[in-house]
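In: Below are the sequence and a predicted model; questions follow.
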Amino acid sequence: MTGNLRLLTDTLAAAKHAGRAALITYLPAGFPTVDDGIAAILATVDAGADVIEVGLPHSDPVLDGPVIQTADDIALRGGVRIADVLRTVREVHAATGKPVLVMSYWNPVSRYGVERFARELAEAGGAGCVLPDLPVSESGPWRRQAEAHGLATVFVVAPSSTDAHLAETAAAGSGFVYASALMGVTGARAAVDEAAAVLTARLRAVTDLPVCVGMGISDADQAAQVAGFADGVIVGSALVSTLLDTGDRAALARLTGELAAGVRA
Amino acid sequence: METSHFFPAARGGLPTADGYFGGFGGQFVPQALVAAVDQVAAEYERAKADPAFVARLEDLLVHYVGRPSALTEVPRFAAHAGGARVFLKREDLNHTGSHKVNNAIGQALLAQRMGKTRVIAETGAGSHGVATATACALMGLSCTVYMGETDMRRQAVNVARMELLGAEVVPVTSGSRTLKDAINETFRDWVARTEDTHYLFGTVAGPHPFPAMIRDFQRVIGVEARRQLLERTGRLPDAAIACVGGGSNAIGLFHAFLDDPVRLVGCEAAGHGVTSGEHAASLSAGEPGVLHGSRSYVLQDDEGQIREAWSISAGLDYPGVGPEHAHLHESGRAEYRPVTDDEAMRAFRLLAVTEGIVPAIESAHALAGTLQVGAELGPDAVLLVNLSGRGDKDLDTASVHFGLEAAR
């Protein structure tokens, strides 16, 4: 069975065709429980998410700020396993038909078995992986399996990346390029850094892949601002934070709806 | 001091250009850090080739650190080690009290070369934090040290020292609140601020070029000890023994003996025992995985989640180990044996009462290994041990462990 890279590409193209950016939402699997996590993700899709990122919780999330660290912690203490992450992907894709990516640090994928993980993710209907701590230079084994199983390889680039790195990374990736809006870890910020627009423009010069921007985006205004120059707007911590603070899926849906309106503004 | 002796011999040329020692090492960092890590690698290559840098480093090692450090024979201790002759390489006598200063001075000079004004570091026992705070005070660099809350409690003396030296000590409250989490937090700081900040990593782990560069800065330990022992005894040791957490003092000792017929023995922290689940013996009981930027042996579950380590020694309390040690372990060139908390503390006290030297609890693991190796090799053996640090910082822990008056 082949993965849903094509669906991801088509979804981003359709949003572009409609003259807007896609909304990409992130929630970790198993947070607060596996079933409640699935229900939360389904609520974001109902409220307008176009592409789903499912986080694979990790003991050492070095690129995440306190909000996602806390959610990962809750999920791991609840005993979340990779099988639960894959079930989350399967159920969300089956129920919505949307492209679903897994975001994971490299060690769990490597330890689970790169071929096995790629095969099972494709079987679950997954569209690919975002691997934030896997640089292109170490990514050969993953990319071979991703290609064999029809999965996207989404690399995260940052304002500090050189032009040569950007070109190399974009050439090695598929689906889209994840442009980090700022230098730093995940978490809401008061304003969108102007580095995001600059980085997006630099990427446009070296790739035809869609450019989606994430990190620090937390409300409709910021989403609208980023949608003005990017193909996709990625929101994670703000959604996780809403669930952490309120435990209320209605509040989560409300925020997602505002963000969905933002990318259409 | 002989010129340039801290730089590596050409042996095997490891690591490879992409930072691999056999199947271990590499550069598993987010793209946001690639440029910063590449800058460190490039600047280090330039620095090595720059006679002015080498001269400045050697001048500081001699006149500030106090190198070469002494080599002390310890016959009353050795009587408990099968009667072998035992020599201690006295890194505890360095300024700041441990081997960590060798690397801290080297990297602080490199930070200056790169035009960085701010240095960040992780610390476990506080030895690396103190060494870094010292080097930063000396060179006028701003210094922030991340330290697990648990470690701040058990190494309170070193926290005070860092603060006196002008460093900011930031408590880390995530995860196990020890060294692993302090490293996570330092990486989080760095990724947000590479422009003016150098991450002065403390051990031979992390992404390339840190394992090779820090080894080079620590290599002086073995180079000096090898020469000192030859002068004193006319022969090489039968075994060179060191404790291994991340492994910087051990690789610094081992490297000068790689081509010699000398057994290399690394002593890992076995905590309450390797079968107890409460230990830090990554090579004895871990498996290959990626942690903090390189592939090496790590303590992890079957799905790649990192396990919490345990050791009475905050400096060894780490679920990973440097990639060159993983390579030496797999190739069989070095052997790694677990030493429990109790074994280490017995050796700690034994050295104090037989020789008047209070070692760091980290180094006491090497001393416990020495008692074992001496018993195995018998009275004709000559053993070289790296006494990587002094025990002043550990007096509270030791007082409680031994039920001393001071703890009552």
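Out: Right, received. Where do you want to start? Numbers count the residues shown, from 1 in each chain, chains lettered A, B, ... in the order given.
In: C-alpha only now, for contacts and for neighbours.
Out: Will do.
In: need the contact list for the residue most central in space within chain A.
Out: In chain A, the C-alpha closest to the average C-alpha coordinate belongs to A:Glu53, at a distance of 3.9 Å (CA atoms, centre = their mean). Applying CA atoms under 8 Å, 6 or more residues apart in numbering or on different chains to A:Glu53 gives the contacts A:Ile24, A:Thr25, A:Tyr26, A:Leu27, A:Val100, A:Leu101, A:Val102, A:Met103.
In: any idea which element the closest residue to chain A within the stretch 201-350 of chain B lies in?
Out: Distances between the stretch 201-350 of chain B and chain A by CA to the nearest CA are smallest at B:Gly304, namely 4.2 Å. Here B:Gly304, judged by DSSP states H and E, is contained in no helix and no strand.
In: The residue nearest to it when sequence neighbours are not counted - how many residues pack around it?
Out: Counting by CA to CA, 6 or more residues apart in numbering or on different chains, B:Gly304 lies nearest to A:Pro108, which is 4.2 Å off, once chain neighbours are set aside. Taking other CA atoms under 10 Å in any protein chain shown as the criterion, the count of residues near A:Pro108 is 25.
In: for stretch B:23-43, what is the average pLDDT?
Out: Taken as a whole, stretch B:23-43 has an average pLDDT of 95.
In: Determine how far it lies from the middle of the whole chain.
Out: Here the centre of mass of C-alpha atoms in stretch B:23-43, compared against the chain's by CA atoms, centre = their mean, to the nearest Å, lies 21 Å away.
In: and which of the contacts of A:Glu53 is nearest to chain B?
Out: Lowest distance from chain B to the contacts of A:Glu53 (CA to the nearest CA) belongs to A:Met103, with 13.3 Å.
In: Isn't that closest one up against A:Gly55?
Out: Yes. Contact criterion CA atoms under 8 Å: A:Met103 and A:Gly55 qualify, at 4.8 Å.
In: what's the residue of chain B found nearest chain A in contact with, if anything?
Out: Of all residues in chain B, the one sitting closest to chain A is B:Ala192 (3.7 Å; CA to the nearest CA). Neighbouring residues of B:Ala192 by CA under 8 Å, 6+ apart: A:Leu182, A:Met183, A:Gly184, A:Val185.
In: check those against chain B, which are close?
Out: When CA under 8 Å from any CA of the partner chain is taken as the criterion, the members of the contacts of B:Ala192 that contact chain B are A:Leu182, A:Met183, A:Gly184, A:Val185.
In: Against A:Ala158, how distant is the residue nearest to the second one when sequence neighbours are not counted?
Out: Excluding its sequence neighbours, the residue lying closest to A:Met183 (CA to CA, 6+ apart) is B:Ala192, at 4.6 Å. Computed as CA to CA, to the nearest Å, the B:Ala192 to A:Ala158 distance reads 10 Å.
In: what do those two both touch?
Out: Going by CA under 8 Å, 6+ apart, residues that sit against B:Ala192 and also against A:Ala158 are A:Leu182, A:Met183.
In: Run the chain-centre distance for the one helix or strand B:Ala270 maps to.
Out: Take DSSP H and E as the rule and B:Ala270 turns out to sit in strand B:263-271. In terms of CA atoms, centre = their mean, the gap separating the centre of strand B:263-271 from the centre of its chain is 13 Å.
In: What average pLDDT does that strand get?
Out: Model confidence over strand B:263-271 averages 98 on the pLDDT scale.
In: So what are the sheet partners of it and their directions?
Out: Strand B:263-271 sits in its sheet next to strand B:239-244 (parallel), strand B:334-340 (parallel), going by DSSP bridges.
In: among those, which is the most enclosed?
Out: Comparing the strands paired with strand B:263-271 by mean neighbour count (mean count of other CA atoms under 10 Å in any protein chain shown), strand B:239-244 ranks first with a mean of 30.
In: hmm, who's touching that strand?
Out: Strand B:239-244 is touched from outside by B:249-250, B:253-254, B:262-269, B:316, B:321, B:362-366, B:369-370, B:382-388, with contacts defined as CA under 8 Å, 6+ apart.
In: and the residues you listed, which of them are in helices?
Out: Judged by DSSP state H, the contacts of strand B:239-244 include B:Asn249, B:Ala250, B:Leu253, B:Phe254, B:Glu362, B:Ser363, B:Ala364, B:His365, B:Ala366, B:Gly369, B:Thr370 as members of helices.
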